[in-house]
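Chemist: Predicted model and sequence follow; I will ask about them next.
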Amino acid sequence: MATINKKRRLGREVSIVGAGMSDFGAFKEKDSRDLFTEAFQEMMGHMDQGIDIEDIECGYLGNYSSDLFEHQGHTAPIMADWLGMTPVPMTRIENACASSGSALREGVMAIASGMYDIVLVGGVEKMTNLATDEVTDVLASAADGLYEVPAGLTFPGIFGALAKAHMDRYETNLDHLLKVAIKNHNNGALNPKAQFNVTIQSLMERRQARAQERGQPVPDWRTEMDFLNDAQANPWIAWPLRLYDCAPITDGGSCVLLVASEIASNFTDKPVHIAGIGQATGRPLHDAEELTSLSSAKAAAAQAYEMAGVTPQDINLAEVHDCFTIAEIIASEDLGFFAPGEGPRAVDEGRTALTGDRPINTSGGLKAKGHPVGASGVAQVIEIFHQLRGEAGDRQVPNANLELGLTHNVGGTGGTCVVNILRRS
Amino acid sequence: MAQGPKESKEFNATSFFSYIQDEKKLMGIQCRSCGHLSSTPRPMCPSCHSKDVEWHEFSGKASLSTFTCISIVSVAMGKRGYGRDNPCCTGIVTLEEGLRVSAHIMGVDGNNPQSIKTGMALVLDPDELDPEDPALTFRPA
């Protein structure tokens, strides 16, 4: 373990100067190349001082499984072609749901090494071509195929087992999980790119209105909790997790432009700097040190905090990997924002809400924004980029002194975790 | 499946499941160099990196550490009759020897998770092994 704790520095500083993402949702008519091109065009259209595509020297693309989702391997050169970037080198990075978190890390290191000055990093996933059970199987292939999957474990199943362990060990209950979903939908309702650009309250009222229009019995839900506790409206997926505890199946693309900090002012007056990066591996849940924590997240966070020279208490806001509601609670503890077992109370007290002292998942998170798995890591970075620049619109965190944001991107069930700390210039 | 005498079995999943099927034994590995036990056989000790590992038989007695009852099941579990009406219980099981494994839990009611208790005593159920699609299975002791 000595090597993972070694103090590491980037060879030179790296900044983010542009960002773009496609709409997130289910788009029958779009392939992954369409989604990534959409993200790229948005980025190019919003560069503060413009950039010539010809100046981009290299690219890294996070993509989990276009092979199984679209029967398309070797995705990176196709993206290079669609962006008109050939023969610039483009490399696909696969680390399950942390693919684009890892792609960003590769881009940072490519610049820090001195080899390149301007690098495109992003991610894409087209998931909705397959039926739900097939998507479930594709996602499960990021778990251990010899020992976890044959036992029946699916992704919701593994996080269901984590949730049960957290409930047994601490005072966590099902309402805490549902409150994470309500919060993230409240934020997603303020994000025009979100797959669920709608609160759970509104979803509930729409269902009631529809029943009334059709002359069907109108469910007597009075609160979001009534709705979420109705087994018809919110069925079990993997007890103790229900439908609204799970991130949706999503199509989407995301990208950011990284440059050497010394040339950042050529592109914008408001670059966002990479203050710290960390990545670590972890073992399957049955071989984990604890059943209520992801060791890779703690190790990656320790690296990122050390490199940035900051503590968890210095972080103003975070985008964490809420593939399931319990995952957000565990992340908030693994990252050191709250003590182990205190994550649920922080949700109860509204501390992680947009107006709380530690806003988490202001974008809506994977839960409401959507989770095109290979695109999610960079999409998290995009939210922090906009928040730190004060351009997050209706969901802008009401704090004039935002300086540090963090992203936490998990691959599989903690086999990989990437943590980035970003600093406003 | 690996054939031949026990000593020649490769330290891998094929051997792990053939031990369960053929000999009704739950076998992991122990490192002869540092003593580290692994519930998932492999040719190199993950703790001290020695290649000097040997088979180690576990008692098959265990307890349930955490679990889930899965309604949206994998394609394979769907073929075995699990699904929305019959959720599949899968758990993290702690062996008597202190190691953990992922296992399918038979003999419990997946429709009634409240009736399934963490800490409950379990035993290996070697008879449930499907050679075509082998899975580690435990049931209440």
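Modeler: Structure received. Residues are numbered from 1 along each chain as shown, chains lettered A, B, ... in the order given.

Chemist: next helix or strand past the host helix or strand of residue A:210?
Modeler: Per DSSP states H and E: residue A:210 is located in helix A:200-213. Downstream of helix A:200-213, the first helix or strand assigned by DSSP H and E is helix A:224-228.

Chemist: picking up where we left off before, for the helix holding residue A:210, which positions count as buried?
Modeler: A:200-201, A:203-204, A:207 (16 or more other CB atoms under 10 Å in any protein chain shown). Yep, even glycine has a C-beta here, placed from its N, CA and C like the rest.

Chemist: try stretch A:296-307
Modeler: In stretch A:296-307, the ones that count as buried by 16+ other CB under 10 Å are A:296-307.

Chemist: Skip the chain neighbours and tell me the closest residue to residue A:45.
Modeler: Residue nearest to residue A:45 in three dimensions, not counting chain neighbours: residue A:20, with 7.5 Å by CB to CB, 6 or more residues apart in numbering or on different chains.

Chemist: Hmm, residue A:46 and the one you found touching each other?
Modeler: Yes. Applying CB atoms under 8 Å, one finds residue A:20 in contact with residue A:46, separated by 6.4 Å.

Chemist: And these two? Which one has more around it.
Modeler: Comparing residue A:20 with residue A:46 by other CB atoms under 10 Å in any protein chain shown, the one with more neighbours is residue A:20, at 23 against 12.

Chemist: Past the strand or helix carrying that one, which element shows up next along the chain?
Modeler: Using DSSP H and E, residue A:20 maps to strand A:14-21. Downstream of strand A:14-21, the first helix or strand assigned by DSSP H and E is helix A:32-45.

Chemist: Let me know the angle separating that next one from strand A:14-21.
Modeler: Between helix A:32-45 and strand A:14-21, the angle comes out at 120 degrees (axes from the mean of the first three to the mean of the last three CA atoms, to 10 degrees).

Chemist: Check which helices and strands helix A:32-45 is in contact with.
Modeler: With contacts defined as 3 or more CB pairs under 8 Å, 6 or more residues apart in numbering or on different chains; DSSP states H and E, helix A:32-45 has these neighbours: strand A:14-21, helix A:66-70, helix A:75-82, strand A:118-126, strand A:251-260.

Chemist: 7 Å instead, please
Modeler: strand A:14-21, helix A:75-82, strand A:118-126, strand A:251-260 (3 or more CB pairs under 7 Å, 6 or more residues apart in numbering or on different chains; DSSP states H and E).

Chemist: Lowest mean pLDDT among the helices and strands of chain B, which one is it?
Modeler: When each helix and strand of chain B is scored by mean pLDDT, DSSP states H and E, helix B:75-79 comes last, with a mean of 89.

Chemist: Around chain A, pick out the residues from chain B.
Modeler: By CB under 7 Å from any CB of the partner chain, the residues of chain B that approach chain A are B:13, B:40, B:65-75, B:77-78, B:87-88, B:90-92, B:100-104, B:113, B:118, B:133-136.

Chemist: quick one: contacts for the residue most central in space within chain A?
Modeler: Of all residues in chain A, the one closest to the mean position by CA atoms, centre = their mean is residue A:376, 4.1 Å from it. Residues in contact with residue A:376 (CB atoms under 7 Å, 6 or more residues apart in numbering or on different chains) are A:97, A:100, A:366, A:409.

Chemist: Closest approach to chain B from chain A, which residue is it?
Modeler: Going by CB to the nearest CB, chain B is nearest to residue A:160 of chain A, at 3.2 Å.

Chemist: Show me where chain B has its strands.
Modeler: Secondary structure of chain B by DSSP state E: the strands cover B:26-31, B:37-38, B:53-58, B:61-70, B:88-95, B:100-105, B:121-124, B:137-140.

Chemist: Likewise for the stretch 51-200 of chain A?
Modeler: Applying DSSP state E, counting those that start in this stretch to the stretch 51-200 of chain A gives strands spanning A:58-62, A:90-93, A:118-126.

Chemist: got those strands as JSON lines, with mean neighbour count, mean pLDDT and distance to residue A:224 columns?
Modeler: Formatted as JSON lines, these follow (neighbours: other CB atoms under 10 Å in any protein chain shown; pLDDT from 0 to 100; distance: least, CB to CB, whole Å):
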{"stretch": "strand A:58-62", "mean neighbour count": "29", "mean pLDDT": "98", "distance to residue A:224": "33"}
{"stretch": "strand A:90-93", "mean neighbour count": "21", "mean pLDDT": "98", "distance to residue A:224": "38"}
{"stretch": "strand A:118-126", "mean neighbour count": "30", "mean pLDDT": "98", "distance to residue A:224": "29"}
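
Chemist: Take these and lay them out in a markdown table including distance to chain B.
Modeler: Output for the strands of the stretch 51-200 of chain A, formatted as a markdown table (distance: least, CB to the nearest CB, whole Å):
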| stretch | distance to chain B |
| --- | --- |
| strand A:58-62 | 25 |
| strand A:90-93 | 25 |
| strand A:118-126 | 19 |
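
Chemist: Which positions in the stretch 51-200 of chain A make contact with chain B?
Modeler: Counting by CB under 7 Å from any CB, the stretch 51-200 of chain A sits next to chain B at A:132-133, A:136-137, A:140, A:146-154, A:156-157, A:160-161, A:164-165, A:168.

Chemist: which regions of chain B sit below the pLDDT cut-off?
Modeler: For chain B, the stretches flagged by pLDDT under 70 are B:1-7.

Chemist: Tell me how it divides into domains.
Modeler: B:6-58, B:61-140 (automatic domain parsing).

Chemist: Now do the buried residues in the helix or strand of chain A with the lowest mean pLDDT.
Modeler: When the helices and strands of chain A are scored by mean pLDDT, DSSP H and E, helix A:132-140 comes last with a mean of 90. Within helix A:132-140, the residues that count as buried by 16+ other CB under 10 Å are A:135-140.

Chemist: Spatially, what comes nearest to residue A:272 if we skip its sequence neighbours?
Modeler: Closest to residue A:272 by CB to CB, 6+ apart is residue A:16, at 4.6 Å.

Chemist: Tell me how far the one you found lies from residue A:10.
Modeler: Distance, residue A:16 to residue A:10, by CB to CB, to the nearest Å: 14 Å.

Chemist: higher neighbour count, the two?
Modeler: Between residue A:16 and residue A:10, counted using other CB under 10 Å, the more crowded position is residue A:16 (29 against 17).

Chemist: The more buried one against residue A:383, yeah?
Modeler: No. If you go by CB atoms under 7 Å, residue A:16 and residue A:383 don't touch, sitting 12.0 Å apart.

Chemist: Show the contacting residues for residue 67.
Modeler: In the absence of a named chain, this looks at chain A. residue A:73.

Chemist: my bad, chain B
Modeler: A:161, A:164, B:89-91, B:105, B:116, B:118.

Chemist: can you check residue B:65 too?
Modeler: Neighbouring residues of residue B:65 by CB under 7 Å, 6+ apart: A:291, B:92-94, B:100, B:118.

Chemist: Redo the residues you listed as a markdown table? Include neighbour count and distance to residue A:221.
Modeler: Converted to a markdown table, those look like this (neighbours: other CB atoms under 10 Å in any protein chain shown; distance: CB to CB, whole Å):
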| residue | neighbour count | distance to residue A:221 |
| --- | --- | --- |
| A:291 | 20 | 34 |
| B:92 | 28 | 35 |
| B:93 | 25 | 38 |
| B:94 | 20 | 40 |
| B:100 | 20 | 40 |
| B:118 | 18 | 32 |
